[in-house]
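*Asks:* The sequence and its predicted three-dimensional model are supplied below.
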Amino acid sequence: MNTFRNFKDFNEYIGLDEPIDKDIDVGVYPEKTRLRSEGINIDFYRISFKTNYINPELPDFNPDDPKPITAVFFNNPGNIYKWDLDDKFEGYYLHLSKDLISKHRYLFQNYLEYGYHEALFLTKEEETEVINLYQFLVKHYRNNLENYNVLLASINLILNMVESYYRRQFKTDIKVYSPIVSEFQQLLKDYYNGPIEGIPSVHYFADKMHLTPNYLGDVIKTYTHKSTIETIHEHVAERAKILLKESNLSNTEIAFELGFDYPNYFAKFFKKQTQLTPKQFRAKFKLLN
């Protein structure tokens, strides 16, 4: 499997223009780009705005009516990326190095680590705004690279605009996102009904749902106003309360039952969630009953 650690090698493989900077690369998709590829890795962040785009691997693809779409897609370090397209597409791309993100942490957005299948679908107005921003970026990248601060400010603007578009998509496309919330909540309820894999984690549920952790977290936060990990911890605490009230298990046995490796960690976790130690909670429950 090929791993592309810099823009130059990747662009040559895809058929894009040669980059002129090692940390930022922006451009227009040419008429001829590679339409098919086996799995590859890229060691940088990639934001693609594509129009007239048909990809059988995307969600809701209908082979009987393969309508072209307009959307923003993301590739990030560590994920495998492959494609098999029947026709060319149009649009723009933006590549950002890990070093750039590390040096300018304000540029990082959760969605930069979304999967390719977790695309942003734009309204007509948003599409126009994105095109204008990309055109501005391309112009300054090719003609005014020495003014790096202008590029960084423009990139920051487009990244923040995309974030706002995602918030709009999460809130308005209820038919898509309500089932995600419901499935997560059901998986959480079912977690302790079978063999467990330690304390439930965001990654565990994201893998079960074939989503990236950041995407799942942002959807859950939009609809419940709580982070995914907060929701998980609340559920674990409620499960602990039931065992403390209804079983004769010791605190150590309950800790292992819930997936904690160390009883002391369970005690600290429970106190943080309830302001009581497991022993205090059990004593209070017995006193009230």
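*Replies:* Good, I have the coordinates.
*Asks:* pLDDT wise, what is the closest residue to A119 other than its chain neighbours at?
*Replies:* Leaving aside its sequence neighbours, A119 sits nearest to A71 (C-beta to C-beta, 6 or more residues apart in numbering; 4.2 Å). All C-beta spots, glycine's among them, are computed from the backbone N, C-alpha and C. According to the predicted model, the pLDDT of A71 comes to 92.
*Asks:* what lines up beside the helix or strand hosting A71 in the sheet?
*Replies:* Under the criterion of DSSP states H and E, A71 resides in strand 69-75. Neighbouring strands of strand 69-75 in its sheet, by DSSP bridges, are strand 45-53 (antiparallel), strand 120-121 (antiparallel).
*Asks:* before we move on, back to that, now the residue nearest to A119: how far from I47?
*Replies:* 11 Å (C-beta to C-beta, to the nearest Å).
*Asks:* if I pick the residue nearest to Y53 when sequence neighbours are not counted, what's in contact with it?
*Replies:* Residue nearest to Y53 in three dimensions, not counting chain neighbours: F89, with 4.3 Å by C-beta to C-beta, 6+ apart. Shown in contact with F89 (C-beta atoms under 8 Å, 6 or more residues apart in numbering): Y29, K50, T51, N52, Y53, I54, P68.
*Asks:* which one in these is the model shakiest on?
*Replies:* Per-residue pLDDT puts I54 lowest of those, at 72.
*Asks:* Name all residues that make contact with that residue.
*Replies:* P66, K67, P68, I69, L85, D86, D87, F89.
*Asks:* what bits of the chain have low per-residue confidence?
*Replies:* By pLDDT under 70, the weakly predicted segments of the chain are 55-66, 144, 289.
*Asks:* can you give me the helices in it?
*Replies:* For the chain, applying DSSP state H gives helices covering 7-14, 98-103, 124-143, 148-172, 174-190, 202-208, 213-224, 228-246, 251-258, 263-274, 278-288.
*Asks:* Now do the buried residues in stretch 83-90.
*Replies:* Buried residues in stretch 83-90, counted by 16 or more other C-beta atoms under 10 Å: L85, F89.
*Asks:* Could you work out the end-to-end span of that stretch for me?
*Replies:* Using C-alpha to C-alpha, to the nearest Å, one end of stretch 83-90 lies 16 Å from the other.
*Asks:* again with stretch 186-206
*Replies:* 13 Å.
*Asks:* contact partners of that stretch?
*Replies:* 184, 208-209, 212-213, 215-217, 228-229, 231-232, 235-236, 239, 258-261.
*Asks:* Mind putting the strands paired with strand 69-75 into TSV with mean neighbour count?
*Replies:* Formatted as TSV, the strands paired with strand 69-75 follow (neighbours: other C-beta atoms under 10 Å):
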stretch	mean neighbour count
strand 45-53	20
strand 120-121	18
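*Asks:* and the ones you listed as CSV, adding distance to T224?
*Replies:* Below are these laid out as CSV (distance: least, C-beta to C-beta, whole Å):
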stretch, distance to T224
strand 45-53, 28
strand 120-121, 21
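*Asks:* Of all the ones you listed, which one is nearest L243?
*Replies:* strand 120-121 (42.5 Å; C-beta to C-beta).
*Asks:* Show me how far the closest one is from its chain's centre.
*Replies:* 13 Å (C-alpha atoms, centre = their mean, to the nearest Å).
*Asks:* Please pick the buried ones from the contacts of stretch 186-206.
*Replies:* Buried among those (16+ other C-beta under 10 Å): 184, 212-213, 215-217, 228, 231-232, 235-236, 239, 258-260.
*Asks:* among those residues, which two are most distant?
*Replies:* It's Y215 and F260 that sit farthest apart of the buried ones among the contacts of stretch 186-206, by C-beta to C-beta, at 27.6 Å.
*Asks:* Among the buried ones among the contacts of stretch 186-206, which one lies nearest to M161?
*Replies:* For the buried ones among the contacts of stretch 186-206, the nearest to M161 is Y215 (18.3 Å; C-beta to C-beta).
*Asks:* Roughly how far does T123 sit from D173?
*Replies:* Distance, T123 to D173, by C-beta to C-beta: 11 Å.
*Asks:* my bad, A237
*Replies:* 32 Å.
*Asks:* Those two: who's more crowded?
*Replies:* The neighbour count for A237 versus D173, taken as other C-beta atoms under 10 Å, is higher for A237 (16 against 11).
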